[in-house]
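**Student:** what's the 3D shape of this:
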Amino acid sequence: MKNKRPTPALGYLAALVAGVLTTLTASPYELWWLGPLAAGLVYWAIRPLGARQAAFLGWCYGVGLFGSGASWVYVSIHDYGYTGMPLALFLTALFVCAMALFVAAALWLYRLLCGPRLAFLTFAGAWVLGEWLRTWLFTGFPWLLLGSSQVDSPLAPWAPIGGVYLLSLIVALSGTLGAEFLRRRWWAAAPIAAMWLIPLALPTQWTEPAGEPLRVALLQGNLDQLIKWTPEGQRIAANTYLEMTRAYADDADLIVWPEAALPMFEDEAEPLLARAQAHLVPGTALLTGIPQREGRGLYYNSVIGLGNAEGQYRKERLVPFGEYLPLERWLRGTIAFFDLPMPAMTPGPSGQRPIRAAGTVIGNAICYEIIYADLVAQQARDSELLLTVSNDTWFGESIGPLQHLQMARLRALENGRYVVRATSNGVTAVIDQYGQVVARAPQFETVALLAEAVPMQGLTPFTRTGSWPVWLFSALLVLPGLRLPERRRRRF
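**Tutor:** Next comes the predicted model:
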C-alpha cells in the first residue's frame, strides 16, 4: 500500500501557528529566535500541497500573522474611528483577511511554478519576493516582515549590508535548512552555522561622526485624539507646544514637534508659528509636522522648519484609509470611519532634498514611511541624521507603537544613522547608529525628551544600493527550482 499523505488540515494549522510565532518575534515580545521556526513550519507544511492548497496555507499564515500582529487596527477603527464594536470587528477581520491574500498569492505562485528541486533555496527566495510584493503592491504594507525582528539578534550585523530583506532571507533559509536537518540531511548544519557565525567577523562601524553631538528636545504633547481637531483641541495643542518650546529653548540646538502637532493647516497656524519662532534663541532650530495646502485640492502631510532651519519635506507614502480613501466615491459617507478628519492628502514628490537644521542635514520620514527601508535609505544617502515624526495615538495602548519603534531601530542600523523619533504620545526616542535606544520618553505623558544625537557621515553598503541586490539574489534562488513547461505538473 502507498503511504498516505499527511492531511492538509494539519499543515493549515501549522501555518496559522507560524503566523502567530512571527508576531512573537517582534516587539514587545522580541522572541527573535522563533523566526526560523515560523519559516520552517510553513516550509514543512507546504511540501505535499498543490497550488490551490498552498494558497490557502499562505492565507492561514497571513491570518495568524496579521490577526495577532496588527490587532491594533481594531483600536484605530473602534476607539478613534467612531465605529461600533460589531462593525469594527468586521472591518478588522476584513483587513486581516485581505492582507493575508498577499501571502496566499506568493505561495500559490511558488507552488505553481517550482518543483521539489532545491526546495530549501527556492522557498526562501520566494518568501522574500513575497515580502517585496507586499511592500509595493497597492501602496504596500511592509509591516511585520520576517527580518524586522532581528535588530537584537546575532544576525543584526547583516542589516547594514543588505537591510531587512537580507535578514528575512537568512531567517527563511535558517528555517528551511533546519527542516532539512531534521530530515537527517546533516549537511544543512554547515550553512546555518555560517549564516549565524559570519556576523561575528563583520564590521561593527560603517559610519563615523560628522560633527559634535546635537542637543535635541523632542516634545510629546500627549493630546487627546478624540478632540484634537476640534477648536478646543487646537487651543490645547497650541498652548502645550508653545509653553514647552519656551521652557526648553535654552537647552537644545534642535526642538522637534511631532506629526501634525498643531491640528490646522500651516497658513492657519502662521500666528502661532511666529510665536514659536520668537521663543527660539539664536542658532536653535525647530522642526514640526504640519498639514499644508496649495491651490485647490492639494493637501500635504509635511515637516517644516523655523529658526535656524531651511527646507521642508512632504510625505511620499500615504496611509490608505488614514490619509487618503481608496474607492472614495463609493465609501465616503457609508460609515463614520471613512469620513477622514481632513481632506485626502496628496503624496509629495520623490527625491526631495533633506532639511538643514541647526547646521545638520536631516533626512525625513513621516510616521508610516519609516517602515519603508528603501525610502529611508534614499533619505540617508544625503543626510547626517534621520528624523521621523509620528502620531501613534491612533494605536492606543496596543502593541502597535512598540512595533513601530522596532522598525525605526532597524532603519538606524541599516543606514548607520541616528534616528530621532518624536511622537504625539509615544514612543518618543533617540536611536543610535547601532539601532539601540539611547533615550526614551514614557508613553502617554506630556513630556520633553532631552538627549544628544550625533550627526554621522559615510554610507553603509545597504544605504548605497538599497534592497535590489537582495531581491535579485532571491529571484536567482528561485530559478533552479522552476519547472520546465513540458514537465510542469499543475495542481489546482
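**Student:** How about residue 24, nearest residue that isn't a chain neighbour?
**Tutor:** The shortest distance from residue 24 to any non-neighbouring residue, by C-beta to C-beta, 6 or more residues apart in numbering, is to residue 31 (4.7 Å). The C-beta positions use only the backbone N, C-alpha and C, and glycine is treated the same way.
**Student:** these two touch, right, the one you found and residue 20?
**Tutor:** No - contact criterion C-beta atoms under 8 Å: residue 31 and residue 20 do not qualify, at 11.1 Å.
**Student:** For the two, indicate the residue with more neighbours.
**Tutor:** residue 20 (17 against 13; other C-beta atoms under 10 Å).
**Student:** And the more buried one, its phi and psi?
**Tutor:** phi -70, psi -40 (degrees, to the nearest 10).
**Student:** go on, residue 397?
**Tutor:** Note on residue 397: backbone dihedrals following degrees, to the nearest 10 are phi -100, psi 30.
**Student:** Would you mind measuring from it to residue 312?
**Tutor:** 33 Å (C-beta to C-beta, to the nearest Å).
**Student:** Quick one: mean pLDDT over the helix or strand where residue 386 lies.
**Tutor:** Assigned by DSSP states H and E, residue 386 belongs to strand 385-390. Strand 385-390 carries an average pLDDT of 97.
**Student:** change the start of the numbering to 32 and stick with it
**Tutor:** Fine by me, first position is 32 from now on; the one you just mentioned is strand 416-421.
**Student:** so how far is residue 421 from the residue nearest the centre of the chain?
**Tutor:** When C-alpha atoms, centre = their mean is applied to the chain, the residue found nearest the centroid is residue 402 (2.2 Å). From residue 402 over to residue 421 the distance is 11 Å, taken as C-beta to C-beta.
**Student:** Could you do residue 508 as well?
**Tutor:** In this structure, residue 508 and residue 421 are 35 Å apart, going by C-beta to C-beta.
**Student:** Would you mind listing the outside residues contacting the helix or strand containing residue 95?
**Tutor:** Residue 95 is part of helix 82-100, with elements assigned from DSSP H and E. With contacts defined as C-beta atoms under 8 Å, 6 or more residues apart in numbering, helix 82-100 is touched by 39, 42-44, 46-51, 53-54, 57, 73, 76-77, 80, 126-128, 130-139, 141-143, 174-175, 430, 434, 521-523.
**Student:** ok, residue 508 and residue 421, which is more surrounded?
**Tutor:** Neighbours per residue (other C-beta under 10 Å) separate residue 508 from residue 421, with residue 421 holding more: 29 against 23.
**Student:** contacting residues around that one?
**Tutor:** By C-beta under 8 Å, 6+ apart, the neighbours of residue 421 are 289-290, 397-398, 401, 435, 452-455.
**Student:** next structured bit after the lowest-mean-pLDDT helix or strand in the chain?
**Tutor:** When each helix and strand of the chain is scored by mean pLDDT, DSSP states H and E, helix 359-362 comes last, with a mean of 53. Once the chain leaves helix 359-362, the next helix or strand it forms, by DSSP H and E, is strand 386-388.
**Student:** and the helix or strand following that next one, which strands flank it?
**Tutor:** Sequence order places strand 391-397 as the next helix or strand after strand 386-388, per DSSP H and E. Here strand 391-397 is paired, per DSSP bridges, with strand 386-388 (antiparallel), strand 416-421 (parallel).
**Student:** just those strands: most buried one?
**Tutor:** Greatest average neighbour count among the strands paired with strand 391-397 goes to strand 416-421 (a mean of 29), per mean count of other C-beta atoms under 10 Å.
**Student:** Quick one: mean pLDDT over the helix or strand following it.
**Tutor:** The helix or strand immediately downstream of strand 416-421 is helix 431-446, counting by DSSP H and E. Computed over helix 431-446, the mean pLDDT rounds to 97.
**Student:** Also stretch 229-242?
**Tutor:** What stretch 229-242 shows for mean pLDDT is 94.
**Student:** Same question for it: list its buried residues.
**Tutor:** 230, 237-238 (16 or more other C-beta atoms under 10 Å).
**Student:** And these, which is closest to residue 393?
**Tutor:** For the buried residues of stretch 229-242, the closest approach to residue 393 (C-beta to C-beta) belongs to residue 238, at 15.3 Å.
**Student:** Let's test this: what are the backbone torsions at that closest one?
**Tutor:** Dihedral pair for residue 238: phi -130, psi 170, per degrees, to the nearest 10.
**Student:** Check the gap between the closest residue to it other than its chain neighbours and residue 176 for me.
**Tutor:** Of all residues not flanking residue 238 in the chain, residue 447 sits nearest, at 3.4 Å (C-beta to C-beta, 6+ apart). As judged by C-beta to C-beta, residue 447 and residue 176 stand 20 Å apart.
**Student:** got it, and residue 333?
**Tutor:** For residue 333, the distance to residue 176 equals 27 Å [C-beta to C-beta].
**Student:** Break the protein down into its domains, please.
**Tutor:** Taking automatic domain parsing as the reference, the chain has its domains at 39-235+498-518, 239-490.
**Student:** gap between the two ends of the last one?
**Tutor:** The distance separating the two terminal residues of domain 239-490, taken as C-alpha to C-alpha, to the nearest Å, comes to 9 Å.
**Student:** Show me the shaky parts of this protein.
**Tutor:** 32-37, 352-374, 515-523 (pLDDT under 70).
**Student:** what is in contact with residue 402 and residue 421 at once?
**Tutor:** Common contacts of residue 402 and residue 421 (C-beta under 8 Å, 6+ apart): residue 435.
**Student:** Reduced to three states, what does the residue nearest to residue 55 come out as?
**Tutor:** The assignment at residue 62 comes out as coil when based on DSSP: H, G, I helix; E, B strand; the rest coil.
**Student:** State the distance from it to residue 279.
**Tutor:** Separation of residue 62 from residue 279 (C-beta to C-beta) stands at 38 Å.
**Student:** Then residue 232?
**Tutor:** Using C-beta to C-beta, residue 232 is found at 44 Å from residue 279.
**Student:** same deal with residue 436?
**Tutor:** 22 Å.
**Student:** Which of these two has more residues huddled nearby?
**Tutor:** Neighbours per residue (other C-beta under 10 Å) separate residue 436 from residue 279, with residue 436 holding more: 25 against 20.
**Student:** what's near enough to touch the residue nearest to the more buried one when sequence neighbours are not counted?
**Tutor:** The shortest distance from residue 436 to any non-neighbouring residue, by C-beta to C-beta, 6+ apart, is to residue 458 (4.6 Å). Residues near residue 458 by C-beta under 8 Å, 6+ apart: 423, 432-433, 435-436, 452, 471-472, 474.
**Student:** Export those residues as CSV, with columns for distance to residue 513.
**Tutor:** Output for the contacts of residue 458, formatted as CSV (distance: C-beta to C-beta, whole Å):
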residue, distance to residue 513
423, 43
432, 42
433, 40
435, 38
436, 40
452, 43
471, 48
472, 51
474, 49
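**Student:** Neighbour-wise, which one of the residues you listed leads?
**Tutor:** residue 452 (31 neighbours).
**Student:** I appreciate the help and will end here.
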